[in-house]
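Let's see this in three dimensions:
(one chain, ligands or ions: 3)
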Amino acid sequence: MAKVEKFSGAYTAPITSKNGQILVIGHKNPDTDSIVGAIAAANLYKGRGYDVKPVAQGEPAPETQFVLEKFGLESPEVVTSVAGKDIFLVDYADLKQAPADFSEGNLCGIIDHHKMGDVSSNSPLECWIWPVGSSNTIIKVMHDFYGVEIPREIASAMLCAILSDTLIFNSPTTTPLDQKVVKELAEIAGIEDIEALGMEMFKAKSNLDASPKALLNRDFKDFEMGSKKIGIGQLELISEEMVTPELKQALVEEMNKAKAEGRDDVVLVLTDILKKGSRLLVVGDDSAEIAKVLGADSEMWMDGVLSRKKQIVPPLQKQFA
Ligand code: MG
Ligand code: MG
Ligand code: MG
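Ligands and ions are numbered 1, 2, ... in the order given. Now for the predicted structure:
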């Protein structure tokens, strides 16, 4: 392991913190990767001697609640303003996903696994952006790099976050590193049946007992694509048939309202984890074009499409560039 020794974190420069406490903050409409990522990254930076606090830009969704409760972790405080604060971003690097007053904060670092966003910083910063399945995969490697231990309950939640983002390794975003890291976390956490835990978590995630507006917003992101503003939501379900025709109708009504707020198109992807594909709902000026680009069949089914990041956003970005 001479290589690891040579490049270990002990030799890196400290991050530039101006205001004392660093807030580790995940993206808007937080998912499990961003909330657990903030908790796990805070553990790492605490271990490196920083005064740091995990926060979130919203309340945890049912899947994240399940994970936090199961492993006895506290839900991070909700923070929507970062003016005058040192901040570390987890699971995003774009302004649209950041607090509105992001530019009045001091960006100290980024941990992410999405396409490069448009944030910028005033001082040198620490960036860990890798094309892997989950931010928590990177955070585990960072713990190893800096020689910081991961407590059992945080390891358990990190494992869940990776299973969540990779759809239990079914998503095309999954890399061998994600699988390796999950094995290592399972060992720390003493978890034997990873698959069973993943299914239990996805059952919690499939909870549709919320208003249509809350369901549309549960995992919703806005994208600028050429001159278009396109909002894309995704619901990952054990079965897309859980969405009844009545609920579908109500979701489309909410999508029309979201369009009226100044978007050109609103897309909702109903992902069926077991059937390994997604049902497409789309409203807006370009709906036929969007369905065509995404390869939806006459029933708007997209076989094999599971990842917004890899299979939905890039083809649309290319189409509307
Ligand atoms: Mg995320
Ligand atoms: Mg993620
Ligand atoms: Mg996701």
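
what comes into contact with the lengthiest strand in the chain?
Longest strand of the chain, by residue count under DSSP state E: strand 228-237. By Cβ atoms under 8 Å, 6 or more residues apart in numbering, the surrounding residues in contact with strand 228-237 are 167, 202, 205-206, 208, 215-223, 243, 258-259, 262-273, 278, 284, 286, 308, 312-313, 316, 320. Yep, even glycine has a C-beta here, placed from its N, CA and C like the rest.

After that strand, heading C-terminal, what element do we hit next?
helix 245-260 (DSSP states H and E).

Break down this protein into its strands, ranges please.
Using DSSP E, the strands of the chain run over 22-25, 52-56, 77-78, 86-90, 106-112, 126-129, 220-225, 228-237, 265-272, 277-284, 301-303.

now the ones you listed in JSON lines, with mean neighbour count and distance to P62?
Listed next are these as JSON lines, based on neighbours: other Cβ atoms under 10 Å; distance: least, Cβ to Cβ, whole Å:
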{"stretch": "strand 22-25", "mean neighbour count": "27", "distance to P62": "21"}
{"stretch": "strand 52-56", "mean neighbour count": "23", "distance to P62": "15"}
{"stretch": "strand 77-78", "mean neighbour count": "11", "distance to P62": "16"}
{"stretch": "strand 86-90", "mean neighbour count": "27", "distance to P62": "20"}
{"stretch": "strand 106-112", "mean neighbour count": "24", "distance to P62": "24"}
{"stretch": "strand 126-129", "mean neighbour count": "16", "distance to P62": "28"}
{"stretch": "strand 220-225", "mean neighbour count": "18", "distance to P62": "15"}
{"stretch": "strand 228-237", "mean neighbour count": "22", "distance to P62": "11"}
{"stretch": "strand 265-272", "mean neighbour count": "24", "distance to P62": "15"}
{"stretch": "strand 277-284", "mean neighbour count": "22", "distance to P62": "19"}
{"stretch": "strand 301-303", "mean neighbour count": "16", "distance to P62": "24"}
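
Throw the ones you listed into a markdown table and include mean pLDDT and distance to L294, thanks.
Output for those, formatted as a markdown table (pLDDT from 0 to 100; distance: least, Cβ to Cβ, whole Å):
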| stretch | mean pLDDT | distance to L294 |
| --- | --- | --- |
| strand 22-25 | 96 | 31 |
| strand 52-56 | 97 | 30 |
| strand 77-78 | 98 | 34 |
| strand 86-90 | 96 | 28 |
| strand 106-112 | 95 | 24 |
| strand 126-129 | 95 | 26 |
| strand 220-225 | 95 | 13 |
| strand 228-237 | 97 | 11 |
| strand 265-272 | 98 | 9 |
| strand 277-284 | 98 | 6 |
| strand 301-303 | 98 | 6 |
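
Including distance to C160, could the ones you listed go into JSON lines?
Output for those, formatted as JSON lines (distance: least, Cβ to Cβ, whole Å):
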{"stretch": "strand 22-25", "distance to C160": "18"}
{"stretch": "strand 52-56", "distance to C160": "16"}
{"stretch": "strand 77-78", "distance to C160": "21"}
{"stretch": "strand 86-90", "distance to C160": "15"}
{"stretch": "strand 106-112", "distance to C160": "17"}
{"stretch": "strand 126-129", "distance to C160": "20"}
{"stretch": "strand 220-225", "distance to C160": "21"}
{"stretch": "strand 228-237", "distance to C160": "13"}
{"stretch": "strand 265-272", "distance to C160": "18"}
{"stretch": "strand 277-284", "distance to C160": "22"}
{"stretch": "strand 301-303", "distance to C160": "26"}
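
ok, which residues in this protein are in contact with ligand 2?
Selection of the chain residues close to ligand 2 by Cβ under 5 Å from the ion yields D33, D91, S135, D165.

dump the residue contacts of whatever residue of the stretch 51-200 of the chain ends up closest to ligand 1.
Residue nearest to ligand 1 within the stretch 51-200 of the chain: D91 (4.3 Å; Cβ to the ion). Contacts for D91 (Cβ under 8 Å, 6+ apart) come out as G26, H27, D31, D33, S34, G37, I111, D112, H113, H114, S135.

quick one: the residue of the stretch 1-150 of the chain found nearest ligand 2 from S171, how far?
Residue nearest to ligand 2 within the stretch 1-150 of the chain (Cβ to the ion): D33, separated by 3.4 Å. In this view, D33 and S171 are 12 Å apart by Cβ to Cβ, to the nearest Å.
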